[in-house]
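>>> quick one, what's the 3D model for this:
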Amino acid sequence: MPPSTPAEIHARFVALSGSGQIASEFAIGGLQQLIQQQRPEFVLEVGAGLGTLTATILDATDDRTALIYMEEDDWCRNSLARNVGKHPNPRIAAGWWRRCWRAKDFHLPQYRARDLLVLDGGSAELPPEYLNLDHRARIFVEGNRRQHRQSLEAQLDRGHRSWCRVQQKPYDRTKGFFLYQLDPTLGERLWYLAIRLREWFLDWPARLSGRPVGKRRR
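Numbering: from 1, shown residues only. Next up is the predicted model:
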(Lines give C-alpha, C1' and ligand atoms only; values in the text may rest on other atoms or scores of the structure.)
Protein backbone atom coordinates (compact mmCIF):
# COMPACT_ATOMS: atom_id res chain seq x y z
CA MET A 1 0.00 0.00 0.00
CA PRO A 2 1.56 3.38 -0.99
CA PRO A 3 2.19 6.00 1.71
CA SER A 4 -0.61 8.43 2.48
CA THR A 5 -0.34 11.91 0.99
CA PRO A 6 0.02 14.95 3.30
CA ALA A 7 -3.55 15.95 2.39
CA GLU A 8 -4.88 12.51 3.36
CA ILE A 9 -3.04 12.49 6.70
CA HIS A 10 -4.12 16.03 7.53
CA ALA A 11 -7.77 15.37 6.58
CA ARG A 12 -7.83 12.23 8.72
CA PHE A 13 -6.55 13.99 11.85
CA VAL A 14 -8.15 17.42 11.47
CA ALA A 15 -11.57 15.73 11.69
CA LEU A 16 -10.79 14.42 15.18
CA SER A 17 -11.73 15.96 18.51
CA GLY A 18 -8.92 18.14 19.91
CA SER A 19 -7.28 18.71 16.52
CA GLY A 20 -6.98 22.50 16.82
CA GLN A 21 -3.17 22.44 17.10
CA ILE A 22 -2.20 19.56 14.83
CA ALA A 23 0.58 19.89 12.26
CA SER A 24 -0.27 21.64 9.02
CA GLU A 25 -0.46 19.80 5.72
CA PHE A 26 2.70 21.66 4.68
CA ALA A 27 4.61 20.45 7.76
CA ILE A 28 3.43 16.88 7.20
CA GLY A 29 4.75 17.05 3.64
CA GLY A 30 8.03 18.55 4.81
CA LEU A 31 8.57 15.74 7.32
CA GLN A 32 7.74 13.12 4.70
CA GLN A 33 10.28 14.61 2.31
CA LEU A 34 12.93 14.78 5.04
CA ILE A 35 12.43 11.11 5.94
CA GLN A 36 12.61 10.05 2.30
CA GLN A 37 15.93 11.88 1.96
CA GLN A 38 17.47 10.79 5.26
CA ARG A 39 16.06 7.29 5.85
CA PRO A 40 16.51 7.51 9.65
CA GLU A 41 17.05 4.41 11.76
CA PHE A 42 15.90 5.89 15.07
CA VAL A 43 13.41 8.76 15.43
CA LEU A 44 12.56 10.51 18.69
CA GLU A 45 9.30 12.49 18.63
CA VAL A 46 8.63 14.94 21.47
CA GLY A 47 5.02 16.05 21.98
CA ALA A 48 3.24 13.40 19.93
CA GLY A 49 -0.27 14.70 20.70
CA LEU A 50 -3.02 12.96 18.73
CA GLY A 51 -0.46 11.16 16.60
CA THR A 52 -0.47 13.24 13.41
CA LEU A 53 3.30 13.25 12.94
CA THR A 54 3.60 9.83 14.58
CA ALA A 55 1.43 8.42 11.81
CA THR A 56 3.42 10.40 9.25
CA ILE A 57 6.70 8.89 10.48
CA LEU A 58 5.36 5.34 10.59
CA ASP A 59 3.83 5.78 7.13
CA ALA A 60 7.08 7.09 5.60
CA THR A 61 9.41 4.47 7.14
CA ASP A 62 9.64 0.69 7.14
CA ASP A 63 9.90 -1.80 9.97
CA ARG A 64 13.65 -1.18 10.37
CA THR A 65 13.00 2.32 11.78
CA ALA A 66 12.40 2.59 15.53
CA LEU A 67 10.21 5.42 16.84
CA ILE A 68 10.25 6.61 20.45
CA TYR A 69 7.60 9.19 21.34
CA MET A 70 7.19 11.50 24.32
CA GLU A 71 3.69 12.50 25.39
CA GLU A 72 2.74 13.24 29.00
CA ASP A 73 -1.00 13.87 28.59
CA ASP A 74 -3.09 10.74 29.26
CA TRP A 75 -5.89 11.77 26.89
CA CYS A 76 -3.44 12.41 24.06
CA ARG A 77 -1.66 9.09 24.61
CA ASN A 78 -4.93 7.18 24.50
CA SER A 79 -5.99 9.13 21.41
CA LEU A 80 -2.65 8.44 19.71
CA ALA A 81 -2.93 4.69 20.23
CA ARG A 82 -6.52 4.72 18.96
CA ASN A 83 -5.78 6.93 15.95
CA VAL A 84 -2.63 5.14 14.80
CA GLY A 85 -4.33 1.80 15.42
CA LYS A 86 -6.97 2.83 12.85
CA HIS A 87 -4.39 3.69 10.19
CA PRO A 88 -5.69 2.79 6.70
CA ASN A 89 -2.51 0.83 5.99
CA PRO A 90 -3.01 -2.62 7.62
CA ARG A 91 0.77 -3.02 8.09
CA ILE A 92 0.87 0.06 10.32
CA ALA A 93 -2.47 -0.44 12.06
CA ALA A 94 -1.62 -3.99 13.12
CA GLY A 95 2.07 -3.65 13.92
CA TRP A 96 2.85 -0.04 14.91
CA TRP A 97 3.31 -0.96 18.58
CA ARG A 98 6.22 -3.31 17.71
CA ARG A 99 8.47 -0.41 16.64
CA CYS A 100 6.89 2.51 18.49
CA TRP A 101 7.46 3.01 22.24
CA ARG A 102 6.69 5.71 24.76
CA ALA A 103 9.86 7.45 25.99
CA LYS A 104 8.97 7.05 29.67
CA ASP A 105 8.81 3.27 29.23
CA PHE A 106 12.14 3.12 27.42
CA HIS A 107 15.59 3.83 28.87
CA LEU A 108 16.85 6.32 26.30
CA PRO A 109 20.44 6.82 27.54
CA GLN A 110 21.26 3.14 26.91
CA TYR A 111 19.96 3.27 23.36
CA ARG A 112 21.94 4.31 20.29
CA ALA A 113 22.10 7.96 19.25
CA ARG A 114 19.09 9.35 17.43
CA ASP A 115 19.49 10.50 13.84
CA LEU A 116 16.18 12.39 13.68
CA LEU A 117 14.48 14.43 16.43
CA VAL A 118 10.94 15.69 15.81
CA LEU A 119 9.71 18.49 18.11
CA ASP A 120 5.93 18.77 18.06
CA GLY A 121 5.16 20.04 21.57
CA GLY A 122 5.85 18.97 25.12
CA SER A 123 8.02 20.82 27.61
CA ALA A 124 10.25 23.51 26.10
CA GLU A 125 13.20 22.33 28.25
CA LEU A 126 14.34 19.02 26.80
CA PRO A 127 16.03 16.46 29.06
CA PRO A 128 19.74 16.26 28.11
CA GLU A 129 19.50 12.59 27.10
CA TYR A 130 16.97 13.53 24.41
CA LEU A 131 19.72 15.49 22.68
CA ASN A 132 22.03 12.49 22.40
CA LEU A 133 21.97 13.06 18.66
CA ASP A 134 24.13 11.30 16.12
CA HIS A 135 26.73 12.97 13.93
CA ARG A 136 24.89 14.90 11.19
CA ALA A 137 21.50 14.25 12.77
CA ARG A 138 18.58 16.46 11.80
CA ILE A 139 15.91 18.14 13.91
CA PHE A 140 12.42 18.91 12.63
CA VAL A 141 10.40 21.52 14.57
CA GLU A 142 6.71 21.74 13.69
CA GLY A 143 5.37 25.31 13.57
CA ASN A 144 7.26 28.12 15.32
CA ARG A 145 7.79 26.92 18.91
CA ARG A 146 10.05 29.78 19.85
CA GLN A 147 10.70 28.61 23.43
CA HIS A 148 11.48 25.07 22.29
CA ARG A 149 13.94 26.38 19.71
CA GLN A 150 15.64 28.72 22.17
CA SER A 151 16.11 25.88 24.65
CA LEU A 152 17.25 23.51 21.91
CA GLU A 153 19.81 25.93 20.50
CA ALA A 154 21.16 26.79 23.95
CA GLN A 155 21.68 23.11 24.73
CA LEU A 156 23.33 22.45 21.37
CA ASP A 157 25.70 25.37 21.97
CA ARG A 158 26.53 24.16 25.48
CA GLY A 159 27.35 20.78 23.97
CA HIS A 160 29.61 22.45 21.38
CA ARG A 161 27.52 21.07 18.53
CA SER A 162 27.79 22.76 15.14
CA TRP A 163 24.41 23.46 13.52
CA CYS A 164 22.47 25.55 11.04
CA ARG A 165 18.73 26.01 10.58
CA VAL A 166 16.13 27.15 8.12
CA GLN A 167 12.42 27.96 8.37
CA GLN A 168 10.12 27.02 5.52
CA LYS A 169 6.53 28.17 5.04
CA PRO A 170 3.87 27.55 2.38
CA TYR A 171 3.30 30.21 -0.27
CA ASP A 172 0.38 31.70 1.68
CA ARG A 173 3.00 32.29 4.44
CA THR A 174 1.04 30.46 7.13
CA LYS A 175 2.62 28.14 9.69
CA GLY A 176 5.37 25.86 8.40
CA PHE A 177 8.35 24.23 10.10
CA PHE A 178 12.02 24.66 11.09
CA LEU A 179 14.73 22.26 10.02
CA TYR A 180 18.13 21.95 11.74
CA GLN A 181 21.20 20.22 10.37
CA LEU A 182 23.87 19.20 12.87
CA ASP A 183 27.53 19.18 11.81
CA PRO A 184 26.70 20.83 8.47
CA THR A 185 29.09 21.01 5.56
CA LEU A 186 29.97 24.35 4.00
CA GLY A 187 27.71 23.51 1.06
CA GLU A 188 24.80 22.85 3.41
CA ARG A 189 25.36 26.13 5.22
CA LEU A 190 25.25 27.97 1.90
CA TRP A 191 22.14 26.05 0.82
CA TYR A 192 20.34 26.87 4.07
CA LEU A 193 21.34 30.51 3.70
CA ALA A 194 19.88 30.57 0.17
CA ILE A 195 16.58 29.13 1.46
CA ARG A 196 16.48 31.68 4.29
CA LEU A 197 16.95 34.52 1.79
CA ARG A 198 14.21 33.09 -0.41
CA GLU A 199 11.82 32.85 2.54
CA TRP A 200 12.65 36.42 3.57
CA PHE A 201 11.78 37.76 0.12
CA LEU A 202 8.55 35.71 -0.04
CA ASP A 203 7.46 37.11 3.34
CA TRP A 204 7.44 40.72 2.19
CA PRO A 205 4.26 40.70 0.01
CA ALA A 206 2.37 39.22 2.96
CA ARG A 207 3.78 41.76 5.40
CA LEU A 208 2.97 44.67 3.09
CA SER A 209 -0.61 43.45 2.73
CA GLY A 210 -0.98 43.21 6.51
CA ARG A 211 -1.25 39.42 6.64
CA PRO A 212 0.44 37.68 9.61
CA VAL A 213 3.44 35.59 8.63
CA GLY A 214 4.05 32.13 10.04
CA LYS A 215 0.70 31.93 11.83
CA ARG A 216 -2.16 29.48 11.60
CA ARG A 217 -5.17 30.85 9.71
CA ARG A 218 -8.50 29.10 9.39
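
>>> tell me which helix or strand of the protein sits lowest on mean pLDDT?
strand 100-102 (a mean of 79; mean pLDDT, DSSP states H and E).

>>> chain center to that one, what's the gap?
16 Å (CA atoms, centre = their mean, to the nearest Å).

>>> got it, and stretch 58-76?
For stretch 58-76, the separation from the chain centroid amounts to 11 Å (computed by CA atoms, centre = their mean).

>>> cool, stretch 122-137 as well?
Offset of stretch 122-137 from its chain centre (CA atoms, centre = their mean): 13 Å.

>>> who does the least confident helix or strand of the chain pair with, and is each partner parallel or antiparallel?
strand 66-70 (parallel) (DSSP bridges).

>>> I'd like the next helix or strand past the strand it pairs with.
Per DSSP states H and E, strand 66-70 leads on to helix 74-85 as the next helix or strand towards the C-terminus.

>>> just want the angle from that following helix to strand 66-70.
150 degrees (axes from the mean of the first three to the mean of the last three CA atoms, to 10 degrees).

>>> helix or strand right after helix 74-85?
helix 90-95.

>>> ok, residues contacting that next one?
Residues external to helix 90-95 that are found in contact with it (CB atoms under 8 Å, 6 or more residues apart in numbering): Met1, Ala55, Leu58, Asp59, Asp63, Val84, Gly85, Lys86, His87. Backbone N, C-alpha and C define where each C-beta goes, glycine included.

>>> can we see that at 7 Å?
Under the criterion CB atoms under 7 Å, 6 or more residues apart in numbering, residues Leu58, Asp59, Gly85, Lys86, His87 lie in contact with helix 90-95.

>>> do stretch 53-65 as well
With CB under 7 Å, 6+ apart as the contact definition, stretch 53-65 has outside contacts at 3-4, 9, 23, 28, 31-32, 35-36, 40-41, 43, 45, 48, 67, 69, 80, 83-84, 87, 89, 92, 96, 99-100, 118, 120, 142.

>>> please convert the buried members of those into PyMOL selection syntax.
Listed next is the PyMOL selection for buried residues among the contacts of stretch 53-65, using 16 or more other CB atoms under 10 Å:
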select buried, resi 3+4+9+23+28+31+32+35+40+43+45+48+67+69+80+83+84+87+89+92+96+99+100+118+120+142
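
>>> good, wrapping up.
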